[in-house]
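> have a look; sequence and predicted model below, questions after that.
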Amino acid sequence: MATPPYSRNRGILYLAAGLLLLIVQGLRIPQYYTDWETGALDTPRFVLSLVFIVFALYMLRAGWQMLRHKDDLID
C-alpha cells in the first residue's frame, strides 16, 4: 500500500508535538515533587500528567513510524 505524500510532514509534526509535550511534562516534575512533599498534590492532576506522558510517547512513536513509511501504527 502506498503511503500518501503528506505522511512525512505529518510525521515531523507528531515528533515535534510529542517532544514538546514530553519536555513540558519533564519541566513540571520538580513542581509535582514539591507539591507531594507538602501534601498538596492531588490525584487527578498527577494521573492526568501521567496520561500526557504516555500520549507524548505514543506521538513520538507514531511520528517515527510515519517518517519511516510504516503503515502499521497499531501492532
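Looks like it arrived, so ask away. Residues are numbered from 1 along each chain as shown.
> wait, what's in contact with the spatially most central residue of the chain?
Nearest residue to the geometric centre of the chain (Cα atoms, centre = their mean): Ala56, 0.5 Å. Ala56 makes contacts with Gly18, Leu19, Leu21, Leu22, Gln25, as judged by Cβ atoms under 8 Å, 6 or more residues apart in numbering. C-beta here means a position set from N, CA and C on the backbone, and glycine is covered the same way.
> name the element the fourth one belongs to?
Which is Leu22. helix 7-38 (DSSP states H and E).
> what's that helix packed up against?
Judged by 3 or more Cβ pairs under 8 Å, 6 or more residues apart in numbering; DSSP states H and E, the packing partners of helix 7-38 are helix 43-67.
> average model confidence for the helix it packs on?
The average of the pLDDT scores along helix 43-67 is 92.
> what do you get for stretch 25-38?
pLDDT averaged over stretch 25-38 gives 92.
> please tell me how far the residue lying farthest from the centre of the chain sits from Tyr32.
Here the chain reaches farthest from its C-alpha mean at Thr38, the gap being 28.0 Å by Cα atoms, centre = their mean. Distance of Thr38 to Tyr32, given as Cβ to Cβ, to the nearest Å: 11 Å.
> cool, Asp42 as well?
Taking Cβ to Cβ as the measure, Asp42 falls 11 Å from Tyr32.
> these two: which is more packed in?
Neighbour count, other Cβ atoms under 10 Å: between Asp42 and Tyr32, Tyr32 has more, with 14 against 10.
> that one contacts Leu41, correct?
Yes - contact criterion Cβ atoms under 8 Å: Tyr32 and Leu41 qualify, at 6.1 Å.
> picking up where we left off before, and of the contacts of Ala56, the nearest to Lys70?
When the contacts of Ala56 are ranked by distance to Lys70 (Cβ to Cβ), Gly18 comes first, at 16.2 Å.
> related to what we said a few turns ago, mind checking how far the residue farthest from the centre of the chain is from Leu48?
Taking Cβ to Cβ, one finds Thr38 at 19 Å from Leu48.
> good, we can wrap up now.
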